[in-house]
Structures are given as C-alpha cells and as structure tokens.
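okay, here's the prediction I keep looking at, along with the sequence it came from:
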Amino acid sequence: MTETTTLWRPTGPAELDLVRESGWREWPPRLPDQPIFYPVLNEDYAIKIARDWNVPHDGVGFVTRFEVETDFVARYPVQQAGGKTILELWVPAEELAEFNTHIVGKIEVTREFRRPA
C-alpha cells in the first residue's frame, strides 16, 4: 500500500467547479499570474484562508482535503508562510500536471463558508 500525505487547499467557487469537472481527481492549471500551486499542511490554516479571504472575495470559500503519495510530495520542501503553523508546499505551475498524477483517491470538500445573508 502506498503511503500518503494529507493536504488541504482553500478554494473559491471557480476553482472548485474545475475540480468537480475533473471528477474530483485533479487541480486545474494555474492562471498566468499564478506561478505556484500551494496546498497547505493543516486544516486550520486552510479554514482561515477559505473563511477570511475567499468569503469576502467570492462570497463563498471551501476547504478541500486530498491525499498525495508521500514519496512524491517529499520533493517539495515545507514553506513557512507566516507563523509556525502557516505551512505550505510550493508546487511550480509547470509541475502541477505531474503533481495531479500522484493524488490518491478523490479531492473532497470538508468545509464550506458563506457570506451572511
């Protein structure tokens, strides 16, 4: 059995629609102004971004969880993007297609946050 690492990704509705279109199997290519794909290493950080950034920006924010082969994901050093629990992986946009082939199972939505009515 392949060892996997759990990653999370805060996302807005447009990106989530593309993930859904992939059958919940892959992340869409980055836009020209997005040189990296950054999954995060803990759910609390993903919640903070989805709730505090995606909701004000898009009206809704989602937290997703997915598994990636540990041996593969080890090539990306952990980046501390702020406090000691603000941890990300920085996957260059040109490597995202290969990264997607190492996702085990499906990407799942674990949380949803909406702007109050």
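Happy to help now that I have it.

how much space between the residue most central in space within the chain and residue 108?
Closest to where the C-alpha atoms of the chain average out (Cα atoms, centre = their mean) is residue 9, at 2.4 Å. The gap separating residue 9 from residue 108 is 11 Å, by Cβ to Cβ, to the nearest Å. Backbone N, C-alpha and C define where each C-beta goes, glycine included.

with residue 15 instead?
For residue 15, the distance to residue 108 - Cβ to Cβ - is 14 Å.

and these two? Which one has more around it.
More neighbours surround residue 15 than the other of residue 15 and residue 108, with 18 against 12 (other Cβ atoms under 10 Å).

which residues touch the nearest residue to the more buried one once chain neighbours are set aside?
The spatially closest residue to residue 15, leaving aside those adjacent along the chain, is residue 28, at 6.4 Å (Cβ to Cβ, 6 or more residues apart in numbering). With contact set as Cβ atoms under 8 Å, 6 or more residues apart in numbering, residue 28 has these partners: 15, 18, 19, 22.

quick one: secondary structure of residue 28?
Assigned state for residue 28: coil (three-state reduction, DSSP: H, G, I helix; E, B strand; the rest coil).

quick one, phi psi at it?
The phi and psi values for residue 28, taken as degrees, to the nearest 10, are phi -70, psi 160.

about what we covered before: what residues are shared contacts of residue 9 and residue 108?
Here residue 9 and residue 108 share the contacting residues 64, 66, scored by Cβ under 8 Å, 6+ apart.
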